[in-house]
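*Asks:* I would like the atomic coordinates for the input below:
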Amino acid sequence: MAGRRFALKAVDWVAFSERIPPGQRSMFNTLKNRSDAITAKLNSLPESPVAIDWSYYKSTVANAAMVTDFEKKFKALQIPQPVDTQTSGINSEEAETNQYAIDFINQSKARVAEYEKELEKYNNLIPFDQMTVQEFSDAFPGHVVEKVTPIWPYKPIADL
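*Replies:* Numbers count the residues shown, from 1 in each chain. The predicted structure is shown next:
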């Protein structure tokens, strides 16, 4: 039973190993070896526990009434399975995270398309060393080059 429940939660080690940085490869190998050892140990256990041979104990124990009492108590023993209270929260959080990731990917694709249009615009521009001031101000309206009066001579040359 334990082996069957454990098999449902198997790890995809190939996909996991692709995401491991080279500096942490030894820690990953240690984790994988430990997991493989635990999996092998679980798989070696029987699916259900071995039945107790109560007749053997009744014949070998001096007080057969005590064995009968133990047998009744053992059969009446019910070990409750823990209730899973976390899986639903984890699944909903996983769904939210997946939706967030899909939204982020779609927004990123939209930004990439916008940036590619802008890049195409820049690739189609006249080279800057061949542009006139008017062409520059048409291409980049926010960066208009203002004509600066020279510091010296203080008067235009025509007035001298």
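*Asks:* For the protein, which residues score under the pLDDT cut-off?
*Replies:* Within the chain, the stretches with pLDDT under 70 are 1-9, 145, 147-154, 156-157, 160.
*Asks:* Other residues contacting stretch 49-59?
*Replies:* 64, 67-68, 70-71, 74 (CB atoms under 8 Å, 6 or more residues apart in numbering). Heads up, the C-betas are built off the backbone N, CA and C, glycines and all.
*Asks:* Actually, stretch 106-121.
*Replies:* Here stretch 106-121 has no contacts from other residues, using CB under 8 Å, 6+ apart.
*Asks:* circling back: buried among the contacts of stretch 49-59? Make that a PyMOL selection.
*Replies:* Entered in PyMOL, the line below selects the buried ones among the contacts of stretch 49-59, by 16 or more other CB atoms under 10 Å:
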select buried, resi 67
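*Asks:* and the contacts of stretch 49-59 as JSON lines, adding secondary structure?
*Replies:* Formatted as JSON lines, these follow (DSSP: H, G, I helix; E, B strand; the rest coil):
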{"residue": "64", "secondary structure": "helix"}
{"residue": "67", "secondary structure": "helix"}
{"residue": "68", "secondary structure": "helix"}
{"residue": "70", "secondary structure": "helix"}
{"residue": "71", "secondary structure": "helix"}
{"residue": "74", "secondary structure": "helix"}
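*Asks:* Buried residues in the longest helix anywhere in the chain, which are they?
*Replies:* When the chain is parsed with DSSP state H, its longest helix is helix 87-123. Within helix 87-123, no residue counts as buried by 16+ other CB under 10 Å.
*Asks:* Closest to residue 15 out of the contacts of stretch 49-59?
*Replies:* residue 74 (44.7 Å; CB to CB).
*Asks:* for the residue nearest to residue 17 when sequence neighbours are not counted, what are its contacts?
*Replies:* In space, residue 17 comes closest to residue 28 once its chain neighbours are excluded; the distance is 6.5 Å by CB to CB, 6 or more residues apart in numbering. By CB under 8 Å, 6+ apart, residue 28 lies in contact with 16-17, 20.
*Asks:* got the phi/psi numbers for residue 28?
*Replies:* Main-chain dihedrals, residue 28, degrees, to the nearest 10: phi -60, psi -40.
*Asks:* And it, how far from residue 36?
*Replies:* 12 Å (CB to CB, to the nearest Å).
*Asks:* what about the helix or strand encompassing residue 14, distance to the chain center?
*Replies:* For residue 14, the host element (DSSP states H and E) is helix 13-18. Computed by CA atoms, centre = their mean, to the nearest Å, the separation of helix 13-18 from the middle of its chain amounts to 12 Å.
*Asks:* Nice, that's everything, thank you.
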